[in-house]
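> I would like the atomic coordinates for the input below:
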Amino acid sequence: MTSTTAGERTPPARHEAGLPLALVGMLLFISSEVMFFGGLFATYFSARAGFPGEWGAQSMGAPELEILPIALPITLILMTSSFTMHFAVQAIRHDRVGAMRFWLAITLLLGVTFLIGQVYDYTTLGFGISDGVFGTVFYALTGFHGAHVFGGAIGLTILVARAAGGQFSSRNHVAVEAVSFYWHFVDVVWIGLFLTLYFLR
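The predicted model follows:
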């Protein structure tokens with residue numbers, strides 16, 4: 001410590017180590033979301049195990065769920081958005097602000113396209129949330145996930161707006177990293193949902 005005036009001392013310089021607090025907060029939030037979706041998956045498998053007779057859309061007299069022409073394409077769209085989000089993070093780490101803006105905008109577009117596809121898919125399924133046990137858990141799982149994608153799209157919109165204002169650089173892009181963690185998480189959750197609902201019936 002070095003003294004300034006009599007009886008006063010300046011505190012030593014403090015250096016941050018490890019992950020920034022914003023990233024730690026996002027990781028803790030994602031951990032809570034893992035437990036949330038874990039509970040939803042547990043509900044699905046519990047309902048399936050205890051349901052007598054045929055399980056799935058057929059149990060409500062609706063056509064069998066098909067991966068085409070909607071489910072598989074929107075899944076590929078969301079998976080692609082994880083790559084574009086990664087490209088955005090890599091771009092800003094190397095101070096390529098223009099490239100980051102481009103990839104963020106593409107990620108946002110893909111996310112919105114996924115949501116539109118999911119809503120359209122709902123109109124073609126032939127069953128609703130109150131039509132049976134399967135309908136309830138199906139819409140609960142996919143609906144909550146859609147809400148999380150919508151939240152991620154809001155985050156991406158804010159990033160695009162901030163990027164347009166020149167607020168990010170290779171030394172200041174924690175928000176971009178935090179949103180990327182969240183976006184990759186919702187992508188992984190959807191892959192689990194897609195496999196469960198369309199292949200593990």
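> Is there a neighbour count for G98? I'd like the number.
9 (other Cβ atoms under 10 Å). Glycine gets a C-beta too; all of them are placed from N, C-alpha and C.
> same deal with the one 3 residues further on?
Residue crowding around R101 was assessed by other Cβ under 10 Å; the count is 20.
> Need the phi and psi values for the closest residue to it other than its chain neighbours.
Leaving out its chain neighbours, the residue that sits closest to R101 by Cβ to Cβ, 6 or more residues apart in numbering is A163, at 4.5 Å. Here is the backbone geometry of A163 (degrees, to the nearest 10): phi -60, psi -40.
> Surely A163 and M100 touch.
Yes - the criterion here is Cβ atoms under 8 Å, and A163 meets it with M100 at 6.2 Å.
> Compare these two and say which is more crowded by neighbours.
Comparing A163 with M100 by other Cβ under 10 Å, the one with more neighbours is M100, at 25 against 22.
> For the nearest residue in space to F127 that is not next to it in sequence, give its distance to A91.
Of all residues not flanking F127 in the chain, A62 sits nearest, at 4.2 Å (Cβ to Cβ, 6+ apart). Computed as Cβ to Cβ, to the nearest Å, the A62 to A91 distance reads 45 Å.
> Show me which of those two is the more surrounded one.
Using other Cβ under 10 Å as the criterion, A62 and A91 rank with A91 on top: 22 against 17.
> Please work out which residues outside the helix or strand that contains that one touch it.
Using DSSP states H and E, the element containing A91 is helix 71-93. Residues outside helix 71-93 that contact it (Cβ atoms under 8 Å, 6 or more residues apart in numbering): 65, 67, 97, 99-100, 102-104, 106-107, 110-111, 113-114, 117-118, 121, 149, 168-170, 173, 176-177, 179-180, 183-184, 186-187, 190-191, 194, 198.
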